[in-house]
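Asks: Model the following, please.
(one chain, ligands or ions: 1)
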Amino acid sequence: MTTQHGKVLPILQTPENGRYIPTSKEAQTRTWERLYPQFRTPSQSLGQRKAIGCVALEITQRCNLDCTLCYLSEMSESTLDIPLAEVKRRIDEIVYEYGPNTPVQVTGGDPTLRQEDELIEIVRYATERGLHPALLTNGIKATRELLQKLAAVGLRDVAFHVDMTQNLRDEKKRLYVSEEELNVIRKKYIERVRGLGIAVIFNTTLCSTNFHELPMLVRFFRDHADVVGMCSFQLHADTGRGVLRGRPDAIEPRNIIRLINETLGRTINFDVVDIGHPHCNRIGYSFICNRQAYDLWWDPEVINKLYNEFAGITLDRRNPKQAVKTILRHALTHPRLLLKGLPFILVHLWRMKWDLLRSGFKVHKLSFFIHNFMHAECLDPERLDNCAFMVMTPEGPVSMCLHNANRDLYITKEFKVNAGGEEKVFNPVRQHKREYWAKKLPTVQFIQPVRQEEKKAPAEMIVP
Ligand code: SF4
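Replies: Next up is the predicted model:
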C-alpha cells in the first residue's frame, strides 16, 4: 500500500479510480484494504459496514464567529466561496470514492453564510447523488424555515456546534460565562428543529475552559434525548487560527468515557465499535428511558451477528418509528434473526421494565461520540493512514487532521472549474490579498506527520 501523507495530495487518491461508481460493498472493500492489518478487527466498522465515517464538504471558509479554538486558518476570510460547479464536482468525487449512502458534512466556515438558494441546491444535489447530507452549523443563521427547506430536499442531520469557545453573547450583548448558561441556546435550537424529521447532533469542543462542565452537558443531552440523537465531544486540538493553546492531560478519551459513565451512573461500552484508528474515535450507544441510560450493546458479541444479518438494510435515523418498523419487518421475515435477536431484546426490556412503565414506554436512542483530533505539530501518520474523517479537496479526499494543519495551503490552491462548458482556472484568494499571499506562500511550510517515536508534546500542551 502506498501512502502519501507527507505531500499536499489526498492520501486516498487513486488516479485509476475512473468514473465508475462503486457499490457500497466495493467501496468498503477498498477501505478495508487501506486499513493497516492490526485495525482489521471484527469490531472495525470501516471497510465492513461503511466505506468511511464521513466526508466534509467545505462550501465556504467564511464564519460569523471568532472562536478561541477556531480550526480555520489565517487566509480563510481571504478566500472566495468555491463555485457551485466545483462543489457539485466534489460531491461527485465523494460518490466515486466512497459509493452511495456516504454521510457528507456540508460545512465551512459556517455553511449558512453561503447564498440560501445555493445551500439548498447543494443539499439537493448531494441527496440526488445518493449521499446522506448533514448541515454543520453554529446555528445562528439556521432558522426553522431554512431547516425546513433543507429537510424538503433531503437533509438528514443537523449538527449544532455550541460551546464556550465561541464567545457567544445574549440579547443584551452580555457574554455567556458557562456551558450551563449556554443551555438557553441549545434549548432554542432543539425547539427550532423539533418535528422537522431531521436527526439532531450537538457538537462540543472540550478544552481547559469548559472541561469541568462535562457532567452537566451529559445530563443536559440525556434529558433532551427525545430530540437529540447524538452528542459529539471534540477534543481541543492545537490547529488553526484560534488563540487557546494547550490541552490539559485530563482531556483524553478514556477519562471522558469515565466521566460520562459516572454521570450516567451506568456503564456504556465504548469499545464495541471501532471507526478507523482506535485512538481517533470512540462511540457509545445508549437507550434513554425515564432519564436513565442503558447500554445499547450490553452484549458486544451480538453486534457483529446482527450487523451481518442486517447487511444491505438502510435505517433512516430521521424517523425512529420507521426505523423500528423496518427492523421488525426484516426480523419477521427472517426467523433465524428472531432466534438471535429476541433474547437480546428481551434482556433489554427486562432491565428497563420499571423505567418503561414510569415513562409510558418512551425510549430514545442517544449516542456519545468522542473525536480526538490531533494537534497540527503532532500528526501521527498511522492515524492519518487509517483516518475515518475526510475532507474533499480539489485533488480528492484528505484526512481532516492533515487538512486542518495545512489549511491555508489547501484552500488557496488554484483549480480548474468547468462552468457552462468552458474550463477556467479559479483562484480562490480574494483579489486584494493575492499580492500578499504570493509573497507569503514560499515561506509557508507544509506540516508533515511525525512518526510516533519521534513525536514530542509541545511545552504548551502541559497545563498545570
Ligand atoms: S480527522 Fe484526525 S482524529 Fe479524525 S479520524 Fe482522521 S486522523 Fe483521526
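
Asks: Contacts only, for the residue of the stretch 1-150 of the chain found nearest the ligand.
Replies: Nearest residue of the stretch 1-150 of the chain to the ligand: residue 53, at 6.7 Å (Cβ to the nearest ligand atom). Yep, even glycine has a C-beta here, placed from its N, CA and C like the rest. Residue 53 makes contact with 46, 103, 275-276, 281, 388-389, according to Cβ atoms under 8 Å, 6 or more residues apart in numbering.

Asks: at 7 Å instead, please
Replies: By Cβ atoms under 7 Å, 6 or more residues apart in numbering, the contact set of residue 53 is 275-276, 281, 388-389.

Asks: From residue 399, how far out is the closest residue to residue 403 other than its chain neighbours?
Replies: The shortest distance from residue 403 to any non-neighbouring residue, by Cβ to Cβ, 6 or more residues apart in numbering, is to residue 391 (4.7 Å). Per Cβ to Cβ, to the nearest Å, residue 391 is found 8 Å from residue 399.

Asks: out of these two, which sits in the more crowded spot?
Replies: residue 399 (27 against 23; other Cβ atoms under 10 Å).

Asks: Which positions within the helix or strand harbouring residue 184 qualify as buried?
Replies: Using DSSP states H and E, residue 184 sits within helix 179-193. Buried positions in helix 179-193, judged by neighbour count with 16 or more other Cβ atoms under 10 Å: 179, 182-183, 185-186, 189-190, 192-193.

Asks: Could you list the alpha-carbon positions for that helix in PDB?
Replies: Presented in PDB, the C-alpha positions along helix 179-193 are these (Å, rounded to 0.1, in the frame of the first residue of the first chain):
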ATOM      1  CA  GLU A 179     -21.700  25.900  29.400                       C
ATOM      2  CA  GLU A 180     -24.700  25.800  31.700                       C
ATOM      3  CA  GLU A 181     -25.800  29.300  30.700                       C
ATOM      4  CA  LEU A 182     -25.400  28.200  27.000                       C
ATOM      5  CA  ASN A 183     -28.200  25.700  27.500                       C
ATOM      6  CA  VAL A 184     -30.600  28.500  26.700                       C
ATOM      7  CA  ILE A 185     -29.200  28.500  23.200                       C
ATOM      8  CA  ARG A 186     -29.200  24.700  23.000                       C
ATOM      9  CA  LYS A 187     -32.900  24.600  24.100                       C
ATOM     10  CA  LYS A 188     -33.700  27.200  21.500                       C
ATOM     11  CA  TYR A 189     -32.100  25.100  18.700                       C
ATOM     12  CA  ILE A 190     -33.800  21.900  19.900                       C
ATOM     13  CA  GLU A 191     -37.200  23.600  19.700                       C
ATOM     14  CA  ARG A 192     -36.300  25.000  16.300                       C
ATOM     15  CA  VAL A 193     -35.700  21.600  14.800                       C
END
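
Asks: Give the rounded mean pLDDT of it.
Replies: When pLDDT is averaged along helix 179-193, the result is 98.

Asks: got it, and stretch 418-429?
Replies: 89.

Asks: Now do it: everything it contacts.
Replies: 78-80, 82-83, 85-86, 411-412, 414-417, 437.

Asks: swap in stretch 149-164?
Replies: Under Cβ under 7 Å, 6+ apart, the answer for stretch 149-164 is 120, 123-124, 127, 132-139, 142, 147, 179, 182, 185-186, 189, 193, 196-205, 209-210, 318.

Asks: In PyMOL, select just the buried ones from these.
Replies: Filtering these down to the buried ones (16+ other Cβ under 10 Å) takes a single PyMOL command:
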select buried, resi 120+123+124+127+132+133+134+135+136+137+138+139+142+147+179+182+185+186+189+193+196+198+199+200+201+202+203+204+205+209+210+318
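
Asks: quick one: pLDDT of the residue of the stretch 1-150 of the chain closest to the ligand?
Replies: 97.

Asks: The ligand contacts on the stretch 251-400 of the chain?
Replies: Taking Cβ under 6 Å from any ligand atom as the contact definition, the stretch 251-400 of the chain meets the ligand at 276-277, 280-281, 371-374, 383-384, 387-389, 399-400.
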